[in-house]
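1. My questions are about this predicted structure, shown below with the sequence.
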Amino acid sequence: MNKPLKLGLIGCGVIVQNAHLPGLLEIPGLVEVAAVADPFETNRNLVGDAAEVDASQRYADYRDMLASADLDVVSIATPHHLHYEQVVAAAQAGVAIISEKPMATSLEEADAILEAAKNVPYAVVHNFLFSPATQAARDILATGDFGTPIFGRSQSMIFKSGNQTADNWRNQKAAGGGAINDTCYHEIYLVEEMVGSPVRYVEARVQTKYFDLDIDDLVVLLLEHENGVTSTVATAWCIPAQESVFCEVHTPVGALHVVARGRALRRYLRAERQWEEVDLPAMANMTPEAVGRAGHAGYFAATMKALADGTDLPVPGAKARHNLAIIAAARRATEERRAIEVE
Ligand SMILES: NC(=O)c1ccc[n+]([C@@H]2O[C@H](COP(=O)([O-])OP(=O)(O)OC[C@H]3O[C@@H](n4cnc5c(N)ncnc54)[C@H](O)[C@@H]3O)[C@@H](O)[C@H]2O)c1
C-alpha cells in the first residue's frame, strides 16, 4: 500500500461533501483522495475540486476508475441498492473497500459481498460509534464503575419534510429501504454498543403510517441482547412534534444519555438523583458543523490507520451483516407478529 493511502471515491453526494471529505482532508499523512467517480458531473467536480483531484482522475463510471486509477482503497457512498455491485467490482479489482451503510439491501447480497471480499480488507461505516460523546460513554462503561447495564433505549424521532417524493432513491423500497435501513440502522448499533452485547431476539413493528410511499416511516423494536438485557428502539420519519434523537443505557449506578448521536453526553447518578452534563474536552473547540461530522472523521481516521498498519478494522463486514440481520428479523417479526431470532 502507498503512504499516504491512495483513495478513490465512488459517489460524491451530500454525505461525501459534508462529512467524508472534511474528515479525509484532516488526515493527509494517512490518505490522499487520488480519484473520484460519479455519473453526476456537478457532484463529481465539486468533490474533485475540493480534494484537488486531477481532471484525468475524475470518472463518470466507477468501473473505469477501478480499471485505470492507481488505488489502494475505495470508499463507496452511493444509493443503497448499488453497494452490492460496486463492492463486488472493487473486490475483483483487488483494492481495500470502505462502504457506507447499509452494506447491502438484503442478507443474500450481504453474504455474497462477504464471499467476494474475503481476500481484501472490507469495512462498513458505523460512524456514530466514533462521535466524541459516544466514545466518552464507552470509556465510562469500560471502567466497570458505572455498573452492568439493565436497560438500553435509543430513538430517532424526526420529520422528513423535504424531498419526500417517489423519485428520490431514499423513498424507494428497492433502492433505499426506508426508515429502518437508513435512519434506525444507526440506533441499532448504538444501543448494542451501550448495552455491550449483541442482539439475539427481535420483536418489531416496521410500518408505513404517514407518507404515500412504498417505504416504512415508523419503526418500533423490542430487542433482547445475548447478555439478557432488553432494549427498545424507535425511529420515525413522520413525527413532527418530537425531534428527538438519543441513545441511553441504565445501570444500577444511574444512566448515560448520548444526545443526537454524539452532540453531548449526560449522566444521571442515582445517588444524587439528578442529570449532569459530562465535560467532553475532545469537542471543546469544535464548531457545531465539526461536531456533526466528528463521527465520520473519527471513523475514517481509525479505519485508514488500521488499513495502513494492517491491523483489525474497527467495523468489519461481519458486524455490518449482523446489523442487517437485525433489520431483516424486524421485518419478519412485523409480518409474523412474533419474536425472531437473529440469523
Ligand atoms: N453514516 C451516515 O451518517 C450517513 C449519512 C448520510 C448518508 N449516508 C449513506 O451514504 C450513502 C450516500 O448517501 P447521500 O446522502 O450522500 O446520497 P446522495 O443522493 O446525496 O448521493 C449519492 C451520490 O451517488 C451518486 N451515484 C449514483 N449512482 C452512482 C454510480 N453508479 N456510481 C457512482 N456514483 C453514483 C449520485 O450521483 C450522488 O452524487 C448512502 O449509503 C447513505 O445511507 C450515511
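-> Structure's in. What do you need? No experiment lies behind these values; they were computed from the predicted model shown.

2. Spatially central residue (nearest the centroid) of this structure, please.
-> The centre of the chain sits closest to His126, judged by CA atoms, centre = their mean, with a distance of 3.4 Å.

3. thought that residue was touching Gly298?
-> No. At 10.9 Å, His126 does not count as touching Gly298 under the criterion of CB atoms under 8 Å. For the C-beta atoms, the positions are set from N, CA and C on the backbone; glycine is no exception.

4. Touching, Ala325 and Glu343? I think so.
-> Yes. Counting by CB under 8 Å, Ala325 touches Glu343, with 4.7 Å between them.

5. The two: which has the busier surroundings?
-> Neighbours per residue (other CB atoms under 10 Å) separate Ala325 from Glu343, with Ala325 holding more: 19 against 13.

6. tell me which element the more buried one is part of?
-> helix 317-336 (DSSP states H and E).

7. Name the surrounding residues that touch that helix.
-> Under the criterion CB atoms under 8 Å, 6 or more residues apart in numbering, residues 99, 101-104, 106-107, 110-111, 113-114, 117, 122-124, 126, 180-181, 184-185, 188-189, 198-199, 202-207, 219, 221, 223, 339-343 lie in contact with helix 317-336.

8. from the residues you listed, which are also near the ligand?
-> Lys101 (CB under 6 Å from any ligand atom).

9. and the contacts of helix 317-336, which are buried?
-> Among those, the ones that count as buried by 16 or more other CB atoms under 10 Å are 99, 101-104, 106-107, 110, 113-114, 117, 122-124, 126, 180-181, 184-185, 188-189, 198-199, 202-207, 219, 221, 223, 339-340, 342.

10. related to what we said a few turns ago, shared neighbours, Ala325 and Glu343?
-> With CB under 8 Å, 6+ apart, Ala325 and Glu343 have common neighbours Leu107.

11. What count of nearby residues applies to His186?
-> For His186, using other CB under 10 Å, the count is 23.

12. For it, list the residues it contacts.
-> 101, 126, 128, 156, 261.

13. Heading C-terminal from the helix or strand containing it, find the next helix or strand.
-> Under the criterion of DSSP H and E, His186 resides in helix 185-195. The C-terminal neighbour of helix 185-195 among helices and strands, as given by DSSP H and E, is strand 199-207.

14. Only C-alpha atoms, please: export that next one in CSV.
-> Extracted C-alpha coordinates of strand 199-207, given in CSV (Å, rounded to 0.1, in the frame of the first residue of the first chain):
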residue,chain,number,x,y,z
VAL,A,199,-29.0,-8.6,19.9
ARG,A,200,-30.3,-12.1,19.9
TYR,A,201,-34.1,-11.8,19.6
VAL,A,202,-36.2,-9.1,17.9
GLU,A,203,-39.9,-8.1,18.2
ALA,A,204,-41.0,-5.3,16.0
ARG,A,205,-43.5,-3.2,14.0
VAL,A,206,-42.0,-1.7,10.8
GLN,A,207,-44.8,0.3,9.3
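
15. sorry, back to before: may I ask which two of the contacts of His186 are separated the most?
-> His126 and Ser156 (14.8 Å; CB to CB).

16. Give me the subset of the contacts of His186 lying in strands.
-> Ser156 (DSSP state E).

17. Turn the contacts of His186 into TSV, columns for pLDDT.
-> Converted to TSV, those look like this (pLDDT from 0 to 100):
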residue	pLDDT
Lys101	98
His126	98
Phe128	98
Ser156	97
Arg261	95
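
18. Go through the contacts of His186 and name the one nearest the ligand.
-> The ligand has its nearest neighbour among those in Lys101, at 5.6 Å by CB to the nearest ligand atom.

19. Could you list which residues are in contact with whichever residue of the stretch 51-200 of the chain sits closest to the ligand?
-> Residue of the stretch 51-200 of the chain nearest the ligand, by CB to the nearest ligand atom: Glu100 (3.6 Å). Residues near Glu100 by CB under 8 Å, 6+ apart: 11, 15, 75-78, 83, 124-125.
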